[in-house]
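S.K.: Okay, here's the prediction I keep looking at, along with the sequence it came from:
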Amino acid sequence: MMVSECARCRARWFVRRLMCPKCGSEEIRAVEVQGEEEASTRLLVTPAGLPESYRVRLVRADNCFYLEMLNE
Ligand SMILES: [Zn+2]
């Protein structure tokens, strides 16, 4: 899965950011991480503009947890 990483302090998040909340850097890049699925669920009530239903999963990678939205 792809996550965002700060090029300066290497903090990572599953959401896109324009600035690192940890060090203030604006150098944010996308990096791929490999992890294991810890849990998943299907959302049936979703925000406007998103699919009527989709699956989200909690993935553990590099001792961090990430939420991933799956179009399935
Ligand atoms: Zn940073």
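M.R.: Received it, and whenever you're ready, just let me know what you need. Numbers count the residues shown, from 1 in each chain.
S.K.: CA only for contacts and neighbour counts going forward, please
M.R.: Fine.
S.K.: Give me the distance between the residue positioned nearest the centre of the chain and E37.
M.R.: Taking C-alpha atoms, centre = their mean, the centroid of the chain lies closest to F14, which sits 1.8 Å from it. Separation of F14 from E37 (C-alpha to C-alpha, to the nearest Å) stands at 14 Å.
S.K.: Leaving out sequence neighbours, find the closest residue to T46.
M.R.: E52 (6.1 Å; C-alpha to C-alpha, 6 or more residues apart in numbering).
S.K.: Please report how far the residue nearest to the centre of the chain lies from K22.
M.R.: 15 Å.
S.K.: cool, N63 as well?
M.R.: N63 is 18 Å from K22, where distance means C-alpha to C-alpha.
S.K.: could you list every residue that touches K22?
M.R.: Contacts for K22 (C-alpha atoms under 8 Å, 6 or more residues apart in numbering) come out as 9, 11.
S.K.: residues near the nearest residue to V56 once chain neighbours are set aside, how many?
M.R.: Residue nearest to V56 in three dimensions, not counting chain neighbours: M69, with 4.5 Å by C-alpha to C-alpha, 6+ apart. Residues lying near M69 (other C-alpha atoms under 10 Å) number 15.
S.K.: and M69, what does it touch?
M.R.: By C-alpha under 8 Å, 6+ apart, M69 lies in contact with 54-57.
S.K.: Closest to the ion out of those residues?
M.R.: Nearest to the ion among the contacts of M69, counting by C-alpha to the ion, is R57 at 25.3 Å.
S.K.: Test for you: state the pLDDT assigned to that closest one.
M.R.: Looking at R57, its pLDDT is 93.
S.K.: Dig out what it forms beta bridges with.
M.R.: R57 has these beta-bridge partners by DSSP bridges: S40, E68.
S.K.: Good, wrapping up.
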